[in-house]
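Enquirer: would you be able to build a 3D model of this:
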Amino acid sequence: MAAVKIAYLALFMILVAATASEAAIGCGEVIGKLAPCLPYITGPAKVVPPGCCSGVRALNTQAKTTADRQAVCKCLKSAASSVPASGLGKAAGIPGKCGVSLPYKISPSIDCSKIH
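Expert: This is a model prediction of the structure:
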């Protein structure tokens, strides 16, 4: 339960600190669309929730420009840094389980500047 609270707190901090820069997709939108994924990443859910996959697919569709894709990557990277180690593998596997192919693995060490 503490891990879930930490994850929610970290996601809230990302929301507050996020800036949109030139990308049309801000961290607030990314986190909002991926919030249904938290129960799967942090604990009790054994299956990726349908709402999580809907959010993943929507973000994938929305991220049309390099700036958009890099903005989403930066938000995911920041969020991944607050996920307990036990949830990182689950988080990284979500796109594939939702039928979305990403050119990178979700992790705290991804270099988002290489995303085009």
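Enquirer: OK, contacts around the most centrally placed residue in the chain?
Expert: By C-alpha atoms, centre = their mean, the chain has its centre lying nearest to residue 76, at 3.8 Å. Applying C-beta atoms under 8 Å, 6 or more residues apart in numbering to residue 76 gives the contacts 30, 106, 110. Backbone N, C-alpha and C define where each C-beta goes, glycine included.
Enquirer: for those, which one is nearest residue 82?
Expert: Nearest to residue 82, judged by C-beta to C-beta, of the contacts of residue 76 is residue 106 at 12.5 Å.
Enquirer: separation between that closest one and residue 41?
Expert: Residue 106 is 10 Å from residue 41, where distance means C-beta to C-beta, to the nearest Å.
Enquirer: residue 68 too?
Expert: For residue 68, the distance to residue 41 (C-beta to C-beta) stands at 23 Å.
Enquirer: and those two? Which one has more around it.
Expert: Per other C-beta atoms under 10 Å, whichever of residue 68 and residue 41 has more neighbours is residue 41, with 27 against 17.
Enquirer: what strand or helix carries that one?
Expert: helix 38-42 (DSSP states H and E).
Enquirer: likewise for residue 79?
Expert: Using DSSP H and E, residue 79 sits in helix 66-80.
Enquirer: can you point out the buried residues in that helix?
Expert: Residues of helix 66-80 classed as buried: 67-80 (neighbour count, 16 or more other C-beta atoms under 10 Å).
Enquirer: quick one: average confidence on that helix?
Expert: For helix 66-80, the mean per-residue pLDDT is 92.
Enquirer: check which element follows it along the chain.
Expert: helix 85-97.
Enquirer: give me the below-cutoff pLDDT ranges for this protein.
Expert: Scanning the chain for pLDDT under 70 picks out 1-23.
Enquirer: send the alpha carbons of the helix holding residue 79 over as CSV?
Expert: Output of helix 66-80 as CSV, limited to C-alpha atoms (Å, rounded to 0.1, in the frame of the first residue of the first chain):
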residue,chain,number,x,y,z
THR,A,66,9.1,14.1,-32.6
ALA,A,67,8.4,16.7,-29.9
ASP,A,68,5.2,14.9,-28.9
ARG,A,69,7.0,11.5,-28.7
GLN,A,70,9.9,12.9,-26.7
ALA,A,71,7.5,14.7,-24.3
VAL,A,72,5.6,11.4,-23.7
CYS,A,73,9.0,9.6,-23.3
LYS,A,74,10.2,12.2,-20.7
CYS,A,75,7.0,11.8,-18.7
LEU,A,76,7.2,8.0,-18.8
LYS,A,77,10.9,8.2,-17.8
SER,A,78,10.1,10.5,-14.9
ALA,A,79,7.2,8.3,-13.8
ALA,A,80,9.3,5.2,-14.1
